[in-house]
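J.: sequence first, predicted coordinates after that:
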Amino acid sequence: MPAPHDLYDVFRCVARHGSFTAAAQTLGYTQSAVSRQIQTLEDEWGARLFDRLPRGVRLTEAGRVLLPHAEAVAERLRTARAELDALRTLDGGRLRIGAFSTADAYLLPRALAAFRKRHPAVTVSRTEGGSTRQLALLAAGELDLAVVGTACGQPLDGCTLHHLLDERMYVALARGHRLAGRDLLRLAELADEEWIAASARPEETLMGGAPAQGFRPRTTFLAADWIAKQGFVAAGLGVTLVPALAASSARSDIVLVPLHPEDSPRRAVYAATPRGLSHPPAVAAFLALLHSVAGTVRA
């Protein structure tokens, strides 16, 4: 059986031409096929839509009532086709993304700027928050893509992960700190330092695998906000770890010294998408740009 919109296309064409034969020629059908489809529509509505005349057909009163509704259906379908075409070509549609804070400092804005330049008609919305929150929003269907991070192999479940980079870590020191002039630091050299971190539990912070190496930082002040951490460091109240993505936004009165590769906790950064679900076309385009920007960080 033809789809309902096909029946209404036939109905509109017959009404326009006043003839089954002319409508069939226009649509590329046989005259009998057009006749059957009109009969199907009449059976569906329980009313005769055309009077069959010796020469052609004429709308009945029921047909006259139905015609504007058929025209409205056709217009809505034309609009739907245009919107779907725009979705496929990225001339429309939406992209809902989220990211953890240091990804917002470098990775996300550069990818967003390139995406907006290439696809200005796509509506983009962004959500802030830690990786746990981003994954929850992703699972709830409120995000199309999230940039998330994990240290020490912590699991990121319920999503498909696209690896972007492994961040190296820097130690942030006050400019006048005794170690500020070094090119590289070992954790053992920082054993007596006071640390500023988001949690007193190192495994919940960027220190990640440090306890497994026998190093346990002495956390004096707790600060989750990156700006606050920098302020504490600049005031000489302690040191903190800074991931590579945040290095470019460090304030001028602190110094960043890379940790030795053997000591440096690594944070794996991923673009996460919902597992087993279809993605808007904009996701693939944005994912490619994230990979491109991540490449500049790795370099």
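T.: Thanks, I have it.
J.: list phi and psi for T30.
T.: Dihedral angles of T30 (phi, psi; degrees, to the nearest 10) stand at phi -90, psi 160.
J.: quick check, pLDDT for it.
T.: Looking at T30, its pLDDT is 94.
J.: before we move on, what about the one 5 residues further on?
T.: If you check S35, the pLDDT there is 95.
J.: spatially nearest residue to it, not counting backbone neighbours?
T.: Among residues not flanking S35 along the chain, F20 sits closest, at 5.4 Å (C-beta to C-beta, 6 or more residues apart in numbering). C-beta: built from backbone N, CA, C; applies to glycine.
J.: what about the one you found, neighbour count?
T.: 24 (other C-beta atoms under 10 Å).
J.: my read: it touches R36, true?
T.: No: with contact defined as C-beta atoms under 8 Å, F20 does not reach R36; the gap is 10.1 Å.
J.: any idea how far the residue nearest to S35 is from R178?
T.: Between F20 and R178 the computed distance is 95 Å (C-beta to C-beta, to the nearest Å).
J.: quick one, phi psi at the nearest residue to S19 once chain neighbours are set aside?
T.: Nearest residue to S19 in three dimensions, chain neighbours excluded: G56, at 4.3 Å (C-beta to C-beta, 6+ apart). As for G56, its main-chain torsions (degrees, to the nearest 10) stand at phi 90, psi -160.
J.: can you tell me how far G56 is from I227?
T.: Using C-beta to C-beta, we find G56 at a distance of 78 Å from I227.
J.: so between the two, which is more surrounded?
T.: More neighbours surround G56 than the other of G56 and I227, with 15 against 10 (other C-beta under 10 Å).
J.: distance of that one from Y8?
T.: 20 Å.
J.: now do the helices in the stretch 151-299 of the chain.
T.: Listed from the start of the chain, the stretch 151-299 of the chain has helices (DSSP state H, counting those that start in this stretch) covering 226-234, 244-247, 281-298.
J.: could you export the first one as CSV, CA atoms only?
T.: This points to helix 226-234. The C-alpha trace of helix 226-234 is given here as CSV (Å, rounded to 0.1, in the frame of the first residue of the first chain):
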residue,chain,number,x,y,z
TRP,A,226,41.8,26.5,38.5
ILE,A,227,41.9,30.3,39.0
ALA,A,228,41.9,29.8,42.8
LYS,A,229,44.7,27.3,42.6
GLN,A,230,46.8,29.8,40.6
GLY,A,231,46.2,32.5,43.2
PHE,A,232,47.3,30.3,46.1
VAL,A,233,50.5,29.3,44.2
ALA,A,234,51.3,32.9,43.2
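J.: neighbours around the closest residue to R116 other than its chain neighbours, how many?
T.: Take R116 and drop its neighbours on the chain: the residue closest to it by C-beta to C-beta, 6+ apart is V124, 6.9 Å away. Neighbour count for V124, taken as other C-beta under 10 Å: 16.
J.: same check, this time on R58
T.: That count, for R58 with other C-beta under 10 Å as the rule, works out to 12.
J.: that one: helix or strand, and which one exactly?
T.: Per DSSP states H and E, R58 falls inside strand 57-59.
J.: need the residues that contact that strand.
T.: The contact list for strand 57-59, computed with C-beta atoms under 8 Å, 6 or more residues apart in numbering, reads V14, A15, G18, S19, F20, L49, F50, D51, L67.
J.: 6 Å instead, please
T.: The set of residues external to strand 57-59 that reach it, using C-beta atoms under 6 Å, 6 or more residues apart in numbering, is A15, F50, D51.
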